[in-house]
Structure formats: C-alpha cells, structure tokens
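Engineer: Based on what follows, work out the 3D shape:
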Amino acid sequence: MSGHSKFANIKHKKEKNDAAKGKIFTVIGREIAVAVKEGGADPANNSKLRDVIAKAKANNMPNDTIERGIKKAAGDSNSVNYVSNTYEGYGPNGTAIIVDTLTDNKNRTASNVRNAFTKGGGNVGTTGCVSFMFDKKGQIIVDKEECDMDADELMMIALDSGAEDFSEEEESFEIITAPDDFSAVREALEAAGVPMLEAEVTMIPQNWVELTNEDDIKKMNRILDLLDEDDDVQAVYHNWDE
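Structural biologist: Sure, this is the predicted structure:
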C-alpha cells in the first residue's frame, strides 16, 4: 500500500477554500444524523457516533456545531431521513470509481451521479462491477509533524489494539485495520494522544491505473469535481494513480 498515501490529497483538501469546508461539514452533519438515529445520541454507547465525531474534529468542525447536530438529530422526530446508496462505474481508460451517497431524494442523486460520469466520458455500471477491485478497510493517517511519537512506539500502539498494517511515508504514518477493528484502533490512538489527520473506513484499490493522456486526465478530474460539488455525495473512491 506504500507509495499511494492519501497524505498530500488530504492536506490539499483541508487547505481549500471555505466552500470546500462547507461541503465537508454538510457531509459530516448527515453522518451525525444517521449515526444518532441508528444508535442514539450518547457517544459512550454509540461507537459509530464516536467515529463520526472524531472525523468531525479531524476536519476542524467546531464542538458547538457537532453538539448542535447531535441534539437536532436526537430531538427532531420529523428530521430528514437520509437513505444511503452506492454507485459504481468507470471513468476514462477503465478507471474504477465508487460513489457513496446519503440523500433525501434518490432520484435527484441518481441523476446527478450519472450526469457527472457522462460529462467526464465515463458511465455508471451495475452494483458490484468495480467494488471487487477494492478492499474495505479502516485507514488512519497521522501527520509526522503533528505527532510526538517515534514510528516504533506508534506502530506498537496500533498493532496491539488490532491494526493489520502500519507503514511510514515521507511525511505521514498510515495505519490499516479491518472494518470491524477500526473503532478500537482509533480509540486506542486517541487515548494515547495521537493526532489523526484522517480516520475513516474507506475503499482501498488493489491495483492502480495510470492516466497518461491529457484528455483522459481532464475528463477524470471533471467527474471527480462534479461529484465533489454534490452535497448528496459522501465519499468517492477510485483507482486512478494521481
């Protein structure tokens, strides 16, 4: 998995303008609403909510915004019911793309996702058409500059708490877990005071596709940009080796 660290991309995204930050807060806000509806408003008894709160803090979401989101979801029985849906398809040169959505209008979302693929010269496929090319894993990224621990100490905490893999990149550490072990590993790192740049369950490609044609690169960026602008899109995974 080395050589494909998300570190640079995460740094870039976090330094983007306020509009991008607003999008991230919208995404996390919906995840908070779903987590509260599924498991209650008390993070102590709701591991999914604990994970979303950690993600919110990693993205610099203010504590009062997090608490407001939890209270709103807990207190409003008429609040919006979000439905999750996953789309799979192909971008230029056979690149594989998976799109996770959370929406109150499935027809609108399906239309927007198809539109994004079409405008970038790609197409939406059937369920399972590309997901077999990815592994579902917990992934935790730690910025070396922010972490006081050395690699060995951090690796021991990660592995002792159930992590599958630990790798050191130029500017970051990457910890990989099985999806079911993700919460335990994240909480062990949090208890040890490890600052996490990103911590989430994600889809990691088994193989990567290079795009050398300028037109293909432009089209792929078009798909990703359109999906990124859509508030219904929670996450996008792909195997383009940027």
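Engineer: mind giving me the domain split of the chain?
Structural biologist: Per the record, the chain has its domains at 7-75, 83-132+206-238, 134-205, by automatic domain parsing.
Engineer: Surely Ile70 touches Val34?
Structural biologist: No - shown here, Ile70 and Val34 do not form a contact pair, counting by C-beta atoms under 8 Å, at 11.8 Å. Heads up, the C-betas are built off the backbone N, CA and C, glycines and all.
Engineer: Counting neighbours, which bits of the biggest strand by length in the chain end up buried?
Structural biologist: As assigned by DSSP state E, the longest strand anywhere in the chain is strand 134-143. Buried positions in strand 134-143, judged by neighbour count with 16 or more other C-beta atoms under 10 Å: Phe134, Lys137, Gly138, Gln139, Ile140, Ile141, Val142, Asp143.
Engineer: Looking at those, point me to the pair that's furthest apart.
Structural biologist: For the buried residues of strand 134-143, with distances taken as C-beta to C-beta, the pair at the greatest spread is Phe134 and Asp143 (24.8 Å).
Engineer: Strands of the protein, start to end?
Structural biologist: 83-90, 96-103, 123-124, 134-143, 165-168, 172-177, 198-205, 233-238.
Engineer: Quick one: mean pLDDT over the last one.
Structural biologist: This points to strand 233-238. Averaging pLDDT along strand 233-238 gives 94.
Engineer: With stretch 65-84 instead?
Structural biologist: 85.
Engineer: can you give me how far it is from the chain middle?
Structural biologist: Distance, stretch centre to chain centre, for stretch 65-84: 20 Å (C-alpha atoms, centre = their mean, to the nearest Å).
Engineer: and that stretch, C-alpha only, in PDB?
Structural biologist: In PDB, the C-alpha atoms belonging to stretch 65-84 read as follows (Å, rounded to 0.1, in the frame of the first residue of the first chain):
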ATOM      1  CA  THR A  65     -21.600  22.600  15.600                       C
ATOM      2  CA  ILE A  66     -21.100  18.900  16.500                       C
ATOM      3  CA  GLU A  67     -23.300  19.200  19.600                       C
ATOM      4  CA  ARG A  68     -26.000  21.100  17.700                       C
ATOM      5  CA  GLY A  69     -26.100  18.400  15.100                       C
ATOM      6  CA  ILE A  70     -26.400  15.600  17.700                       C
ATOM      7  CA  LYS A  71     -29.200  17.500  19.600                       C
ATOM      8  CA  LYS A  72     -31.100  18.200  16.400                       C
ATOM      9  CA  ALA A  73     -31.000  14.600  15.300                       C
ATOM     10  CA  ALA A  74     -32.000  13.300  18.700                       C
ATOM     11  CA  GLY A  75     -34.800  15.800  19.400                       C
ATOM     12  CA  ASP A  76     -36.500  16.100  16.000                       C
ATOM     13  CA  SER A  77     -38.500  13.000  15.100                       C
ATOM     14  CA  ASN A  78     -39.500  14.800  11.900                       C
ATOM     15  CA  SER A  79     -35.900  15.400  10.800                       C
ATOM     16  CA  VAL A  80     -34.900  14.300   7.300                       C
ATOM     17  CA  ASN A  81     -34.500  10.600   6.800                       C
ATOM     18  CA  TYR A  82     -31.400  10.100   4.700                       C
ATOM     19  CA  VAL A  83     -31.100   7.000   2.500                       C
ATOM     20  CA  SER A  84     -27.600   5.600   1.700                       C
END
